[in-house]
Structure formats: C-alpha cells, structure tokens
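Asker: Generate a structure from the sequence data that follows.
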Amino acid sequence: MDQMAVMDTLRDCVTLLQLVKQARDLQSQKKRLWVRPWLKRRSDKSVYNNLVQELSLEDHDSFKFFHRVNQDQFLELLSLVEPLISKQDTRMRKAVTSHERLSVTLRHLATGESKQSLGYAYRISPNLLSRIIPEVCEALYQMLHTSHLKLPQTEDEWRRVQADYNNEWQFPNCMGALDGKRVLIGKPAKSGSIYYDYKSNFSVLCLLLLMPNINSYMWMLVELAVLVMEVSGTNVL
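Answerer: Presented below is the predicted three-dimensional model:
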C-alpha cells in the first residue's frame with residue numbers, strides 16, 4: 001500500500017470517528033430533558049398557585065407569616081419591582097411570573113430555606129432560582145433604598161431624628177437605635193475560619209441603625225460585618 005493510500009485510509013478513519021461522536025452527542029441530547037415534566041406543572045401545582053392563593057383568601061395572618069409582609073405590602077412591593085423583574089414567555093416555555101418571583105424571594109429571605117427545597121415547592125429549578133433571587137433583591141434595593149434606607153446628610157436632618165426620638169420615646173439626644181442580628185451562612189469556599197463564630201456556626205453580623213418610628217421600617221444604615229475570633233479577643237471587619 002503506497003503512502004497516498006495510507007493517508008486516505010487515515011482520513012476516512014478520522015471522518016468515521018467524528019461521525020460516531022456526533023451521533024453519540026445527538027443521542028445524549030435527546031435523552032437529556034429540556035424541562036423536567038413536573039416543572040411544567042408549576043401553574044397548577046406549585047405552592048404559590050395553591051397554598052399561597054388559599055392563604056390570600058382565607059388566612060391573612062398566615063399569608064403575612066409566610067412572606068413576612070401582609071397582602072397590601074406584597075402588592076405594593078410588586079407594583080414597585082414588577083417592571084424590573086417581569087419576563088416574557090417564549091415558544092419553549094412559560095416565564096416565571098413576577099408574583100412568583102417576588103413570593104419565592106421573600107420566602108427565601110424570611111426563612112433562609114435552600115434553593116433546592118424552594119425549587120421543589122415552587123416548581124422552579126434551583127439554577128433558575130439562583131438568578132431570580134439576586135435579581136429581585138437588586139430590584140427591591142433599587143426601588144426602596146432612597147426611601148427606606150436613608151442616612152441623614154445635614155445637621156438639620158440629624159436634629160429632626162433627635163427630636164423624633166425625644167417625642168416618640170422620650171429619649172433625649174438619641175441619634176438612632178443600633179441593633180444587630182447574626183445571620184447564619186454556609187461556609188464560603190477557601191474562607192478558613194473567618195466566618196466561624198463562638199456558637200460553632202458560620203455567620204455574618206448584620207448591624208442596623210433605625211429611625212425612631214419602628215412601624216415605618218425605615219433604616220438609616222445597614223452594615224454587614226464579620227467577627228474574627230482571635231486569641232487576644234474579637235475583631236469586627
């Protein structure tokens with residue numbers, strides 16, 4: 001067999017191997033589900049389209065406990081963020097509605113429930129939830145931070161806060177109420193013991209500086225800090 005014939009044979013073998021690989025890849029794609037069947041039944045069987053609708057009609061207190069906001073507050077939040085979070089349906093699938101997006105985000109913020117668990121309840125894939133929740137949180141911050149998270153900028157504004165505390169609580173010379181809450185988190189990759197706290201959990205500390213009217217839910221400042229345990233004491237970063 002001359003050299004030309006050998007080259008032709010090798011070329012044919014390479015072509016054949018490529019065709020076999022393409023056939024296997026195509027077969028694998030056919031086996032892979034584009035959308036899991038149970039996810040397609042979201043509009044009929046998800047927790048939002050069943051339990052949440054029942055709570056909105058029959059049990060307003062439970063609706064508030066579920067979302068940590070009442071129905072009027074939920075609808076007010078929805079009206080603010082809907083232009084930023086709504087998506088269009090496609091030929092392949094129906095988009096997750098803005099109502100569902102807000103509901104699952106509030107539920108996650110209220111309970112810390114995992115995306116895997118929320119995915120089963122809301123019939124939304126965890127991968128999609130990993131995009132939905134940050135998008136809704138960003139929209140909430142964008143629409144609310146100027147009205148509900150405003151640090152006084154001038155002497156007159158600080159004096160108004162001082163006067164409000166004195167009038168509301170009979171507490172003179174007070175510029176704000178500072179409180180903190182430890183927020184449990186999963187250990188971030190390659191973080192060592194940075195987030196490890198004295199209760200043997202991984203957490204960050206959320207510090208809040210509040211306005212005098214606690215019913216207004218107006219915060220002047222929110223700060224996330226990390227407690228670093230050292231032999232000589234505790235540092236706040």
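
Asker: For the host helix or strand of S79, which residues meet the burial criterion?
Answerer: Per DSSP states H and E: S79 is located in helix 71-85. With burial defined by 16 or more other C-beta atoms under 10 Å, the residues of helix 71-85 counted as buried are F74, L77, L78, L80, V81, I85. To be clear about C-beta, it is placed using only N, CA and C from the backbone, and glycine gets the same treatment.

Asker: Tell me how far that helix lies from the chain's centre.
Answerer: The gap between where helix 71-85 is centred and where its chain is centred comes out at 16 Å by C-alpha atoms, centre = their mean, to the nearest Å.

Asker: Check stretch 144-161 too.
Answerer: Centroid displacement of stretch 144-161 relative to its chain, using C-alpha atoms, centre = their mean, is 27 Å.

Asker: repeat for stretch 80-93
Answerer: Distance, stretch centre to chain centre, for stretch 80-93: 17 Å (C-alpha atoms, centre = their mean).

Asker: Quick one: end-to-end distance for it.
Answerer: 26 Å (C-alpha to C-alpha, to the nearest Å).

Asker: tell me the mean pLDDT for that stretch?
Answerer: Stretch 80-93 comes out with an average pLDDT of 90.

Asker: List the contacts of stretch 85-104.
Answerer: The contact list for stretch 85-104, computed with C-beta atoms under 8 Å, 6 or more residues apart in numbering, reads 34-35, 40, 42-43, 46, 48, 52, 67, 74, 77-78, 81-82, 118, 122, 124, 128-129, 132-133, 135-136, 139.

Asker: and the nearest residue in space to L209 that is not next to it in sequence, how many residues sit next to it?
Answerer: Leaving aside its sequence neighbours, L209 sits nearest to L221 (C-beta to C-beta, 6 or more residues apart in numbering; 4.0 Å). Other residues within reach of L221, judged by other C-beta atoms under 10 Å, total 14.

Asker: For L221, which three-state class applies?
Answerer: Classification of L221 using DSSP: H, G, I helix; E, B strand; the rest coil returns strand.

Asker: At the geometric centre of the chain, which residue sits there?
Answerer: In the chain, the centroid-proximal residue (C-alpha atoms, centre = their mean) is I133; its distance is 3.1 Å.

Asker: Return the distance of the nearest residue in space to it that is not next to it in sequence relative to S203.
Answerer: Once flanking residues are discounted, I133 sits nearest to T105: 5.1 Å by C-beta to C-beta, 6+ apart. To S203, T105 is 21 Å away according to C-beta to C-beta, to the nearest Å.

Asker: what do you get for L151?
Answerer: As judged by C-beta to C-beta, L151 and S203 stand 25 Å apart.

Asker: More neighbours: which of those two?
Answerer: Using other C-beta under 10 Å as the criterion, L151 and S203 rank with S203 on top: 17 against 12.

Asker: do you know how far that one is from K187?
Answerer: For S203, the distance to K187 - C-beta to C-beta - is 10 Å.

Asker: okay, now the domains of this structure?
Answerer: The chain is divided into the following domains under automatic domain parsing: 37-147, 149-236.
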